[in-house]
Every structure is written in structure tokens, then in C-alpha cells.
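Enquirer: Got a sequence here, can you build the structure:
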Amino acid sequence: MLRQIVIPNLKRCLRTGEFLCCLNYTWESIFKKETASWKNSKKQKLVWFNTGIHFGIIVLQFWSLFKFATNVRTIFQSSMLLFPYITLFVCRLEWRASPELVQLLRRICHQGQDEGRSSWPQIIYRILSLIYRLIDSMQILMPSIIGILVIIRPCQVPFLGSVVLPSNMCHQEEKSFVTIWQAVVTFGTRIVLATWEAFVMLNMVVFSLFYAMFILISGIIWVLEEASEIFKRKMFTSEYRDLQVMGSLLNDCVRNKLFPIFALASVLVQIIAGFLDIKHHAEMNVYFLAFVTFILLDATLFNLIWFTGSGLLYSKSVGWLSELPQLPQLPQLPQLPQLPQLPQLPQLP
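Expert: Residues are numbered from 1 along each chain as shown. Model (predicted):
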């Protein structure tokens, strides 16, 4: 049942990533089990170029933060945007598609496709489907909000306009335009900056959906779904060995990098977004307030799903193992008598 929820959203995310040339993974290489076509190709180089642009954006945001952030609210706003950019940059640092991630996604997409069984009540799958659809809609909502925000406030720290635009153009809306040409240039500049920031934000949303939603969260839910079916039996079976293999594969994919990075960054972003919404909501315009609220909801959903899922998986596994009947201990073998030591041979002259 999980695959029916994951496959359409994953396909849409990978198609968008293939169009933007920002992911090392394609839909054909995962679902159709074909060899990744980007290895040592022109598109692979475009992915590396996209990664370089990502690093340059982070450098510019640091410069904008240290140069133009003048109060506590601006520092918190910039930090809230900077943490996800850094987190996703670290997650995407790989020369080519990881075989472990590809294998995990294949197992999730092909798991249970011939059986059609479900381990949980239908209401749980409906809630999961709603959550996936809401988070998938961020591909449209987040870039749109950022674009509108940049059109209204082109010099918002830490966006590109705060670095490249002169100060008189940042406050142009407060003055009357002298000529029509000046108004056209100003509006055109804002449109260009808004398009760029929306494009960058769309890249960030695709990264976060792929690594956080489809690798980390879907992997945890997938193992938990399989475990719920296996834990109904109070005996060791071959399926439990398969579950151990699934858990080992998931740990190999997320333990060293994805889980600790997202766990730290999402908690920090949730704290900062909540602080801005509560403390400084009256000082922010409505578009940036909506943007901060969406980030707060996203971070809360992510934290709720993966921390709860990890805790449930661990508690169910420990409880299931404790309820199994104890195997009888084998009798201890008697110790063999010690052999007598042979006499030492005389040395030859």
C-alpha cells in the first residue's frame, strides 16, 4: 500500500529534478531498473555545475547576512533560510548516484506490488496520502511565495537582490518614478530576481522532497509497515531475516549522513520559524509571514513523522523480541583433559 502513495509523488519529484538537472537519480534508473543514464554524461556535468551554483548561493547568503543583517529579526530570518541551503548542499555532495539509495527506492517501489496486502487500517494510509500530497504541493507553493516576496521586497536579506541591487532601487516603491523607462527597468529587475529566487527555491524543495521525504521518511515507514506484518507472528521466520536486511539497508542509507543532518537542521529551523511567528509576526509582511508559516509546518511534519516512526520501530522490535519464548540453553560441554607436555628435544651440536 505504501508504494501506491510513494510512486506518483516520487515520479513527479524525479521528473522535476531531471528537468532542472539537479539530481543524480532518474525515474528510469529506479523504477524500471535501468542503468543510470547520467553517468559520465553531459547531464551529469550539469548536475555538478548546479552543485557549484548551490555553493555560490550559500557564499553570497553568508556575505549578505554578515553585511546587511542589522537587527535580531533579520539575523533569525536569514539563518532560517541559510540552514536548509547548507543542509541540502551537504546531502547532495556525491559524484554519482548512490547504489544504496537506488536499491532502497527500488525496494520501496516494488515492495508488495504482487501481494496487494496492507498492514495497517485504511485510515492510516489515507492520512499518509494526504501528508504526501500536502508536502508535494510545496513544489508550487514555496517558489510562488518566494517570487511574490522578492517582487515586493527585492532587497530582502539574504536573497540575491540584497547583494547586487543599489540602495536607491531597494526603496523605489516609496518614491514616485521619474520616467516610464525607470519604472519598466525597476519592475523588470524585480521580475528577473523573483524568477531566479523561485528557480533556486524549486531546486531546494526538490532536494528536500527527495532526501527527506522519499529516502528518510519513506524508508522508515516502509520498514515499519513490513515490521508490523511480521511482528504479528510470535516466532522467528525467514521474513524476520528479510526485515533485518531491510533495516540494515535503511541504516546504510541514512545513519551516517542523512538522519543526523536532517534531525539537527529541521529542529533548528522549526525553533527559529516558531520564534519568528510568535515574536516578530507583527513586523513581517504577509508574504514572508506565510513563507515562515509554511516552513514551520514542513519542519513540524518532518520531525513528527521520522522521530515518531523511528521510536515506534525500535519499541515494536524490542517488545516483539521480549515476547518470544526463550530458547532452552544448551548444556555446557565438559572440558577436555589437558595433554601432558612433551619433553624438550636436545639441541644438536
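Enquirer: just so I have it, where are all the strands in this structure?
Expert: Ranges of strands within the chain: none, based on DSSP state E.
Enquirer: So which residue is smack in the middle of it?
Expert: A212 (2.2 Å; Cα atoms, centre = their mean).
Enquirer: Identify the residues contacting that one.
Expert: A212 makes contacts with L258, F262, S266, F302, as judged by Cβ atoms under 8 Å, 6 or more residues apart in numbering. (Glycine included, C-beta is placed from N, CA and C.)
Enquirer: burial of the last one, as a residue count?
Expert: Around F302 sit 23 other residues, with neighbours defined as other Cβ atoms under 10 Å.
Enquirer: From S78, how far out is the residue nearest to the centre of the chain?
Expert: Look at A212 and S78: by Cβ to Cβ, to the nearest Å, they are 22 Å apart.
Enquirer: Can you give me the neighbour number for L134?
Expert: L134 sits with 13 neighbouring residues when counted by other Cβ under 10 Å.
Enquirer: ok, it to I140 distance?
Expert: When Cβ to Cβ is applied, the distance between L134 and I140 equals 12 Å.
Enquirer: in this protein, which spans are helices?
Expert: Defined through DSSP state H, the helices belonging to the chain, from first to last, are 2-20, 27-30, 42-68, 72-91, 99-110, 122-136, 138-152, 161-164, 167-170, 180-208, 218-230, 238-254, 258-279, 286-323.
Enquirer: now, of the ones you listed, which is deepest in the fold?
Expert: Each of these was assessed for mean neighbour count using mean count of other Cβ atoms under 10 Å. The highest is helix 218-230, with a mean of 21.
Enquirer: quick check: mean pLDDT across that one?
Expert: Within the predicted structure, the mean pLDDT of helix 218-230 is 81.
Enquirer: How far off centre is it?
Expert: Shown here is helix 218-230, whose average C-alpha point lies 19 Å from the average C-alpha point of the whole chain (Cα atoms, centre = their mean, to the nearest Å).
Enquirer: I'd like the numbering to begin with 50 instead of 1 from here.
Expert: Shifting the count to begin at 50 puts that one at helix 267-279.
Enquirer: just checking, what packs against that helix?
Expert: Taking 3 or more Cβ pairs under 8 Å, 6 or more residues apart in numbering; DSSP states H and E as contact, the helices and strands that helix 267-279 lies on are helix 51-69, helix 148-159, helix 287-303, helix 335-372.
Enquirer: which one of the ones you listed lies closest to W271?
Expert: helix 148-159 (4.9 Å; Cβ to Cβ).
Enquirer: So what touches that closest one?
Expert: Applying Cβ under 8 Å, 6+ apart, the external contacts of helix 148-159 come out as 51-52, 55-56, 59, 74, 78-80, 82, 85, 263-264, 267-268, 271, 295, 298-299, 301-302.
Enquirer: ok, now which ones touch L198?
Expert: The neighbours of L198, taking Cβ under 8 Å, 6+ apart as the test, are Q205, N334, Y336, F337, F340.
Enquirer: just checking, the fourth one touches Q126?
Expert: Yep, that's F337 we're talking about. Yes: the pair F337 and Q126 qualifies as a contact (Cβ atoms under 8 Å) at a distance of 7.5 Å.
Enquirer: any idea how far the residue nearest to V303 when sequence neighbours are not counted is from S128?
Expert: Nearest residue to V303 in three dimensions, chain neighbours excluded: L265, at 5.4 Å (Cβ to Cβ, 6 or more residues apart in numbering). Here L265 is placed at a distance of 23 Å from S128 (Cβ to Cβ).
Enquirer: next one: L338
Expert: Between L338 and S128 the distance is 17 Å, computed by Cβ to Cβ.
Enquirer: again, but for L109
Expert: Taking Cβ to Cβ, one finds L109 at 15 Å from S128.
Enquirer: Kindly report the same for Q231.
Expert: 35 Å.
Enquirer: Including mean pLDDT, could the helices and strands packed on helix 267-279 go into CSV?
Expert: As requested, the helices and strands packed on helix 267-279 are arranged in CSV below (pLDDT from 0 to 100):
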stretch, mean pLDDT
helix 51-69, 88
helix 148-159, 85
helix 287-303, 81
helix 335-372, 78
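Enquirer: Those helices: which one's closest to I135?
Expert: Closest among the helices and strands packed on helix 267-279, using Cβ to Cβ: helix 335-372, at 14.8 Å.
Enquirer: That closest one: how far from the chain's middle?
Expert: The chain centroid and the centroid of helix 335-372 are separated by 13 Å under Cα atoms, centre = their mean.
Enquirer: Equivalent analysis for stretch 125-138, please.
Expert: Remark: stretch 125-138 is offset 13 Å from the chain centroid, using Cα atoms, centre = their mean.
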